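Student: Sharing a model that was predicted from the sequence below.
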Amino acid sequence: MSMQATLIGDGVPLQARRRLPTMAARYPVRHGTPMNPSFAHIRFGLFALVLASTLVACASLPPPTGEIAAARQAVVRAEGADADQYAGPSINAARSALSQAQSALADGREDDARRLSLAAAADADLAYARSREALATAELSQRRAEVAELQQRLQTGGTP
């Protein structure tokens, strides 16, 4: 054997290798005959359908029941801090917005219900903060009055 010939496998020259029949030779293409439908032919369509339905499912938001519950809790917390006495307009606005959010949810207007429940929670938080501020201001005034009374006792010699 010459050094020029390329060897493959068990020392068989490349030119002597028998050619294997190709798929085209075994199964000739017949034009005009319908192909048998299989999953391989429709997999792209199925994939696109599954992808589109997944995107649509992810794009929709759940009903705002959590937001309404949070707004209800904020109103209860503000009521517990005497918001009726110290922040009447804010707590009334929160109650009104919460009522409107609940009716919007019952009517199926979820976007309006979400917006109104967030507004109700904000109004209730404002009422709570104003109530706490009023209580803190009242306590500060009381402490200042006590300090002034004690200073007056010290100046007069401790007699009441």
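Tutor: Yep, that arrived. Residues are numbered from 1 along each chain as shown.
Student: List the buried residues in the host helix or strand of S90.
Tutor: Here S90 sits within helix 88-106, counting by DSSP states H and E. Neighbour-count burial for helix 88-106 flags 90-91, 93-95, 97-98, 100-102, 104-105 (criterion: 16 or more other Cβ atoms under 10 Å). All C-beta spots, glycine's among them, are computed from the backbone N, C-alpha and C.
Student: and that helix, average pLDDT?
Tutor: Averaging pLDDT along helix 88-106 gives 94.
Student: by contact count, what packs against it?
Tutor: Contacts defined by 3 or more Cβ pairs under 8 Å, 6 or more residues apart in numbering; DSSP states H and E place helix 88-106 against helix 65-80, helix 83-86, helix 110-156.
Student: Quick one, which of these gets closest to A52.
Tutor: Nearest to A52 among these is helix 110-156; the distance by Cβ to Cβ comes to 22.4 Å.
Student: what angle do that closest one and helix 88-106 make?
Tutor: Interaxial angle, helix 110-156 versus helix 88-106 (axes from the mean of the first three to the mean of the last three Cα atoms, to 10 degrees): 160 degrees.
Student: Could you report the pLDDT at A48?
Tutor: Reported pLDDT for A48: 74.
Student: In this structure, where is pLDDT below threshold?
Tutor: Along the chain, segments meeting pLDDT under 70 span 1-42, 44, 46, 55-60, 158-160.
Student: again, 80 this time
Tutor: Within the chain, the ranges that satisfy pLDDT under 80 run 1-63, 157-160.
Student: Relative to R43, which of the helices and strands packed on helix 88-106 is closest?
Tutor: helix 110-156 (36.1 Å).
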